[in-house]
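Enquirer: Next come a sequence and a model predicted from it.
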Amino acid sequence: MAKHKTLFEDCDVLVVGGGMAGTGATFEARHWGRDMKIICVEKANIDRSGAVAQGLYAINCYMGMQWGENQPEDHVRYARNDLMGMVREDLGYDMARHVDSTVHMFDEWGLPMMKNEKTGRYLREGKWQIMIHGESYKPIVAEAAKKSADKIYNRIMITHLLMDEAQENRVGGAVGFNMRTGDYHVFRAKTVIVAAGGASHIFKPRAVGEGMGRTWYAPWSNGSAYALPIAVGAKMTQMENRIVLCRFKDGYGPVGAYFLHLKTYTQNANGENYEKKWYDQTKELVGEYIDHHPTPTCLRNHAFIQETIAGGGPIHMVTTEAFQDPHLETVGWENFLGMTVGQAVVWASQNIDPKYTNPELTTSEPYVMGSHATCSGAWVSGPEDLSPPEYFWGYNRMLTIDGLFGAGDTVGGSAHKFSSGSFTEGRLAAKAAVKYIEDQKAEGIKVTDKQCEDFKVAIFKPLETYQVAQNEITGGTVSPSYISPIQGLQRLQRIMDEYVGGIATNYMTNGNMLKRGLELLAWLEEDLEKVGAEDLHQLMRAWELKHRALTSQCVTEHTMFREETRWPGYYYRGDHMKLDDDNWHCLTVSRRDPKTGKFSLEKVPVYHIVDENEKKKAS
Ligand SMILES: Cc1cc2nc3c(=O)[nH]c(=O)nc-3n(C[C@H](O)[C@H](O)[C@H](O)COP(=O)(O)OP(=O)(O)OC[C@H]3O[C@@H](n4cnc5c(N)ncnc54)[C@H](O)[C@@H]3O)c2cc1C
């Protein structure tokens, strides 16, 4: 242990993760906390980290209130519809009413936005999306964070939250290690804002072997946003609501601009509109939800998956019509330049020119996130002026641990925030965190040296394990006394894939499979005590895996609890194939007891605030 220096930092606001939400939080914390010490800690380098690392072609959440384009209420209805009713409308409304101001700042900061030269309005790709030249998106928001923070620590992975030993259920900071130097870092903080992104690679990806690691979602998003709070007993919500994406095959290139802007459409191998074919069957499962407009994302996936199972694949996107227009052809290609150049490379390698050949689509492996067309994450307090009592406990975006806040993918129940909404939510969380400190709620926090030392031993244990056990390697990487991070990861992915509704079973699971999945996950957890790391990079992999494994347990527990198929196309409970509004028109909330490791689950009412308020106004 002596070879790993321990470095201490005391601060007021600690932001974990410098992606979209983390940069938003760091920026806003400075606005409200002029004299406060604000630290942001990032696993990679904030200039190019998180899901927006490569850039984006569109900002997917912008109301356009100044032009009367959309109102926050409209966005709440949209997200509610897409998530089959299951959203926290207070959180969604709160984000939507502030998101335009965030986008206007991006514009001021120099993000190239596409505008109508005559009206000055942002060019829209769809009702909610505006178009940008977004390769530089992340460096631009990172600069705002860098100017705001007292210090940004890059290359430090946060592995655990510190808890206050003077007052129960209050956070005291976080610890982690520097992946370049091997130093151990202790951040004692009055408040912590977790903004560490969602979880990829917990389900086995389609690309294994030759393309291992190629997924739609960033492979470095390892579920820390969930594992950190779960480990200290914070409540989580909607963790069953994983997302499956319909994307261009193999490259996972985005399809949104193609559908919305280029007006492309899909068809089966016989050139038929297969979605119509599955209308009656889907109505049987979900009732009138299939008649909603726009069709919820999961239900469109459902038709795709069923058509493929029935032998109608491959499914193609018809691009050959739109691409005859030179302007649309340019837009189609440029769409990849700012965010997924790899898709163009894949097409080149497969001899596909979308002007002459309709490219194939696929459905992805499932991911867990809180900011896209999905809403897994932490159970947080909403804003004072909107939230019903069950959703409000003092500070906006505070988890059920005092002083612990969340934003972006971390926060559950509030889908369709995307990049701009995540940045906005970071701002909201930071404002509340500063108020929490100003209200003297963070006085007298005690974090003992023992707590810090215990974590230090735990963090570097995989290095020790490897050092001892490497002598017992029997061949290649096979050892009787440790497992490597990649072996553990593949085992995790296989459990999740085969038992919890991954691609192996066409997203199908049931109570018995989930029970078995939980048993296997418990044994994996036991074996992960023996994970070995040969260097600091593998140490990061070991901790990423542990965070993924804990996140997976929570996902599986939630999936077992919700005895219905609420989102066909995201996953199916074969033993409860129908949507069941009588019993399950509710949010699911879990808590893992940090002492026993046991999860308990409950149903919490879902309040449809927007239309209820309107009904009240009318009466
Ligand atoms: C493939 C894809 C395409 C998308 N396309 C669009 C789009 O076109 N338009 C749009 O508006 N939105 C889009 N989004 C959504 C948008 O990217 C997310 O909503 C947003 O990035 C979420 O912000 P976040 O801060 O929660 O997570 P991220 O931005 O992913 O940031 C999380 C950060 O935490 C860091 N981190 C993780 N673990 C740790 C740890 N243990 N310790 C320290 N740091 C850690 C990560 O390195 C990362 O920097 C897309 C998302 C994906 C995945």
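Expert: Yep, that arrived.
Enquirer: separation between the residue in the chain that the ligand sits nearest to and residue 612?
Expert: In the chain, the residue found nearest to the ligand is residue 19; the distance is 1.6 Å by CB to the nearest ligand atom. From N, CA and C alone the C-beta is placed, and that goes for glycine too. Per CB to CB, to the nearest Å, residue 19 is found 34 Å from residue 612.
Enquirer: In terms of neighbours, single out the busier of those two.
Expert: The neighbour comparison of residue 19 against residue 612 (other CB atoms under 10 Å) goes to residue 19, with 34 against 12.
Enquirer: give the contact list for the closest residue to the more buried one other than its chain neighbours.
Expert: With CB to CB, 6 or more residues apart in numbering as the criterion, residue 19 has its nearest non-adjacent residue at 2.7 Å, and that residue is residue 50. Going by CB atoms under 8 Å, 6 or more residues apart in numbering, residue 50 touches 17-20, 22, 44, 138, 197, 218, 221.
Enquirer: 10 Å instead, please
Expert: Residues counted as contacts of residue 50 (CB atoms under 10 Å, 6 or more residues apart in numbering) are 17-23, 42-44, 138, 141-142, 195-198, 218, 220-221, 408-409, 419, 422.
Enquirer: How about the secondary structure of it?
Expert: Here residue 50 is coil, with the state taken from DSSP: H, G, I helix; E, B strand; the rest coil.
Enquirer: ok, it to residue 203 distance?
Expert: Using CB to CB, we find residue 50 at a distance of 20 Å from residue 203.
Enquirer: Over to residue 149?
Expert: Distance, residue 149 to residue 203, by CB to CB: 35 Å.
Enquirer: and residue 121, what is it in contact with?
Expert: Residue 121 makes contacts with 64, 66-67, 69, 115, 130, as judged by CB under 10 Å, 6+ apart.
Enquirer: Taking those, please make a ChimeraX selection of just the buried ones.
Expert: Applying 16 or more other CB atoms under 10 Å to those, the buried members can be selected in ChimeraX as follows:
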select :64,69,130
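Enquirer: Grab the nearest non-local neighbour of the most centrally placed residue in the chain.
Expert: For the chain, residue 369 is the residue whose C-alpha lies nearest the centre (CA atoms, centre = their mean; 2.4 Å). Leaving aside its chain neighbours, residue 369 sits nearest to residue 198 (3.3 Å; criterion: CB to CB, 6+ apart).
Enquirer: how many other residues sit next to the one you found?
Expert: Other residues lying near residue 198 total 31 when counted by other CB under 10 Å.
Enquirer: right, and it touches residue 227 too?
Expert: No: between residue 198 and residue 227 there is no contact under CB atoms under 10 Å: 11.4 Å.
Enquirer: the helices in the stretch 151-300 of the chain, which residues?
Expert: With DSSP state H, counting those that start in this stretch as the criterion, the stretch 151-300 of the chain has helices at 224-231, 256-260, 274-277, 279-286, 297-309.
Enquirer: Quick check: buried residues in the longest one?
Expert: Along helix 297-309, the positions that meet the burial threshold by neighbour count (16+ other CB under 10 Å) are 297-308.
Enquirer: What number of residues are in the vicinity of residue 109?
Expert: Here the number of neighbours of residue 109 (other CB under 10 Å) works out to 11.
Enquirer: Could you measure from it over to residue 142?
Expert: Residue 109 is 11 Å from residue 142, by CB to CB.
Enquirer: Let's see stretch 490-510 as PDB, backbone CA atoms only.
Expert: Taking C-alpha atoms only, stretch 490-510 is exported to PDB below (Å, rounded to 0.1, in the frame of the first residue of the first chain):
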ATOM      1  CA  GLN A 490     -17.900 -11.900 -20.300                       C
ATOM      2  CA  ARG A 491     -19.400 -14.000 -17.600                       C
ATOM      3  CA  LEU A 492     -21.600 -11.100 -16.500                       C
ATOM      4  CA  GLN A 493     -22.700 -10.300 -20.000                       C
ATOM      5  CA  ARG A 494     -23.700 -13.900 -20.600                       C
ATOM      6  CA  ILE A 495     -25.800 -14.100 -17.500                       C
ATOM      7  CA  MET A 496     -27.600 -10.800 -18.300                       C
ATOM      8  CA  ASP A 497     -28.000 -11.800 -22.000                       C
ATOM      9  CA  GLU A 498     -29.400 -15.300 -21.400                       C
ATOM     10  CA  TYR A 499     -31.400 -14.700 -18.200                       C
ATOM     11  CA  VAL A 500     -32.400 -11.100 -18.000                       C
ATOM     12  CA  GLY A 501     -33.700 -10.500 -21.600                       C
ATOM     13  CA  GLY A 502     -30.800  -9.800 -23.900                       C
ATOM     14  CA  ILE A 503     -30.300 -10.600 -27.600                       C
ATOM     15  CA  ALA A 504     -29.800 -14.400 -27.000                       C
ATOM     16  CA  THR A 505     -33.500 -14.800 -26.100                       C
ATOM     17  CA  ASN A 506     -34.900 -12.000 -28.300                       C
ATOM     18  CA  TYR A 507     -35.200  -9.900 -25.200                       C
ATOM     19  CA  MET A 508     -37.400 -12.500 -23.400                       C
ATOM     20  CA  THR A 509     -37.200 -13.400 -19.800                       C
ATOM     21  CA  ASN A 510     -39.500 -14.700 -17.000                       C
END
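Enquirer: Look up how far residue 501 lies from residue 510.
Expert: Here residue 510 is placed at a distance of 9 Å from residue 501 (CB to CB).
Enquirer: which neighbours do these two share?
Expert: Contacts common to residue 510 and residue 501, judged by CB under 10 Å, 6+ apart, are 559, 572-574.
Enquirer: will you turn the residues you listed into a markdown table that also has pLDDT and neighbour count?
Expert: Shown next, in a markdown table, are the shared contacts of residue 510 and residue 501 (pLDDT from 0 to 100; neighbours: other CB atoms under 10 Å):
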| residue | pLDDT | neighbour count |
| --- | --- | --- |
| 559 | 98 | 26 |
| 572 | 98 | 21 |
| 573 | 98 | 24 |
| 574 | 98 | 14 |
